[in-house]
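> Give me the fold of what follows.
(4 chains)
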There are 2 protein chains.
Amino acid sequence: MAGVKGNRRILYTKKVLKDSLLKLLETKDIHQVTVTNLCKEADVNRGTFYAHYKDAYDLLESMENELFAQVVQYIEATPVEQYFNSLLINVLELIKENKDLCKILLCRQRDNKLLEKLFFIAYKAGLEPIFKESGEQNEAHFNYYIKYVVGGCIAIIQAWLQNNFPESTEELAKIINSVSTMASSYHAYVQK
Amino acid sequence: MAGVKGNRRILYTKKVLKDSLLKLLETKDIHQVTVTNLCKEADVNRGTFYAHYKDAYDLLESMENELFAQVVQYIEATPVEQYFNSLLINVLELIKENKDLCKILLCRQRDNKLLEKLFFIAYKAGLEPIFKESGEQNEAHFNYYIKYVVGGCIAIIQAWLQNNFPESTEELAKIINSVSTMASSYHAYVQK
DNA sequence: TATGAAATGAACGGATTGTCCATTTTATAA
DNA sequence: TTATAAAATGGACAATCCGTTCATTTCATA
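Alright, predicted model coming up:
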């Protein structure tokens, strides 16, 4: 039958709204963006906006979720032993490809949920075995250690992003690996 | 002369506005707070609010700045060799005393500027000498390392804050020191 | 080409905003 | 205690944005 849901019209409308939001966020903060302005920029009717999103925050959140879904897809397609190689590089590539959005999500709005969720999964998977082997008892300390490593990695990526990728993704992956080398620094920590 | 500026009336007005904002932020997000609601909560005339602040974000920012000024005061009063002992403990105490505000600034809004500025100063002062002594040439890598350590420490404090201070400030200071032990882990990093 | 989903334009009542001003309150110096 | 000027109040204002509705038009697809 004719008139099927999920037309490319919807895709276009959502795309132009996303692009326009990113453009406005170059000069404004998210709380200064009005739906009216956004729709004027996108040349989309305000009623159409409300047919898809609740407000500007809802739109930004959906963009974040799409990015996260992409990352989850990478995670599920990668074996654990490749987390700090191919997975990390893939994620860094993804960040580079979506730099405008990522700058806002990671640096400006500081809504780290995205990368934090990601790294928490990755490091939990990578570090937990080491923890269990180490014979260390104190799980609270171990959890702090994970937070430390994850927070540190995010900070590195933020700096890389903010300085417009001075290193290639492969180079940065190496840096992250050497700075956070789990084995050595966790060993140093457990030794105490 | 009578009618001097800086009365305690102003101090009271600002205080009640700050308290009311914190109260509203218990249940709402900052972008859901209207000046109208805030003033109703504080029982302050809306015109009075605008005499002191631009909007709710401006108020929150001024609260952040006051906290930061307090921290800077600590820093300037502490010799570098006490950065990871008394200074760190003082800052942790300050965070504990202002837990409602800090939860919002550090955990919810993720506006890490505050602690980041602080730790950057502290670690720059503490790590720079070690870097110079180490003979390491690559300053870019060193800067990433600093970001890593600072980001890691902030992440630990965030977790501590979010879980309502399960450890004492002294205990957490010890944890931070052992996890991030500069010498050992930076050494491990430089070795590579 | 026919069809129905999606976008448009226009309108609405309601709420918030930022800025007035005349008036009242009150902290402070004398 | 009292006079004074700063600060807070209450009320009003136009302007903007909000969220929703509805009749109409556009357009992607079978």
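
> quick one: least confident helix or strand in chain A?
helix A:182-191 (a mean of 48; mean pLDDT, DSSP states H and E).

> can you map out the helices along chain A?
A:8-27, A:35-42, A:46-52, A:56-76, A:88-97, A:99-102, A:113-134, A:139-162, A:169-179, A:182-191 (DSSP state H).

> what helices or strands is the fifth one leaning on?
Just to be clear, that refers to helix A:88-97. helix A:56-76, helix A:139-162, helix A:169-179 (3 or more CB pairs under 8 Å, 6 or more residues apart in numbering or on different chains; DSSP states H and E). Placement of C-beta: from N, CA and C, glycine included.

> weakest of those in terms of mean pLDDT?
Ranked on mean pLDDT, the bottom entry among the helices and strands packed on helix A:88-97 is helix A:139-162, at a mean of 88.

> for it, which positions count as buried?
A:141-142, A:144-161 (16 or more other CB atoms under 10 Å in any protein chain shown).

> check whether that helix contacts chain B.
Yes - judged by CB under 8 Å from any CB of the partner chain, helix A:139-162 and chain B are in contact via A:140-141, A:143-145, A:147-156, A:158-160.

> and if you look at stretch A:164-179?
Yes - Stretch A:164-179 comes into contact with chain B (CB under 8 Å from any CB), by way of A:Pro166, A:Glu167, A:Ile175, A:Ser178, A:Val179.

> tell me the contacts of the residue nearest to A:Ile10 when sequence neighbours are not counted?
Take A:Ile10 and drop its neighbours on the chain: the residue closest to it by CB to CB, 6 or more residues apart in numbering or on different chains is A:His52, 7.7 Å away. A:His52 is in contact with A:Ile10, A:Thr13, A:Lys14, A:Leu17, counting by CB atoms under 8 Å, 6 or more residues apart in numbering or on different chains.

> if we take those residues, which one ends up nearest to A:Leu67?
A:Lys14 (14.4 Å; CB to CB).

> For the closest one, which non-adjacent residue is closest in space?
Nearest non-adjacent residue to A:Lys14, counting by CB to CB, 6+ apart: A:His52, 6.2 Å away.

> the domain parsing of chain A - what is it?
Residue ranges for the domains of chain A, per automatic domain parsing: A:1-53, A:63-191.

> now, of the ones you listed, which is deepest in the fold?
Mean neighbours per residue, mean count of other CB atoms under 10 Å in any protein chain shown, is largest over these for domain A:63-191, with a mean of 17.

> Now do that one: distance to the chain's middle.
10 Å (CA atoms, centre = their mean, to the nearest Å).

> In the residues of stretch A:164-179 next to chain B, find the pair that's most separated.
So, these by CB to CB: farthest apart are A:Pro166 and A:Ser178, at 16.5 Å.

> wait, isn't A:Tyr53 in contact with A:Leu59?
Yes - between A:Tyr53 and A:Leu59 there is a contact under CB atoms under 8 Å: 4.6 Å.

> Between the two, which contacts overlap?
Common contacts of A:Tyr53 and A:Leu59 (CB under 8 Å, 6+ apart): A:Leu17.

> Quick check, pLDDT for A:Asn164.
We have a pLDDT of 97 for A:Asn164.

> Report the contact partners of it.
Counting by CB under 8 Å, 6+ apart, A:Asn164 has contacts A:Lys99.

> distance of it from DNA strand D?
Distance of A:Asn164 to DNA strand D, given as CB to the nearest atom of the strand, to the nearest Å: 31 Å.

> Okay, that residue and B:Val91: tell me how far apart.
Distance of A:Asn164 to B:Val91, given as CB to CB, to the nearest Å: 32 Å.

> Need phi/psi at the nearest residue to A:Leu87 once chain neighbours are set aside.
In this structure, A:Leu87 finds its nearest non-sequential neighbour in A:Thr78, 4.3 Å apart by CB to CB, 6+ apart. Backbone dihedrals for A:Thr78, given as degrees, to the nearest 10, come out at phi -120, psi 130.

> what sits against A:Thr78?
A:Ser86, A:Leu87, A:Asn90.

> Dump those residues to TSV, plus distance to A:Val72 and pLDDT.
Below are these laid out as TSV (distance: CB to CB, whole Å; pLDDT from 0 to 100):
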residue	distance to A:Val72	pLDDT
A:Ser86	15	93
A:Leu87	11	90
A:Asn90	12	96
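
> Pipe the residues you listed into CSV and attach distance to B:Ile121 per row.
Shown next, in CSV, are the contacts of A:Thr78 (distance: CB to CB, whole Å):
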residue, distance to B:Ile121
A:Ser86, 37
A:Leu87, 34
A:Asn90, 35
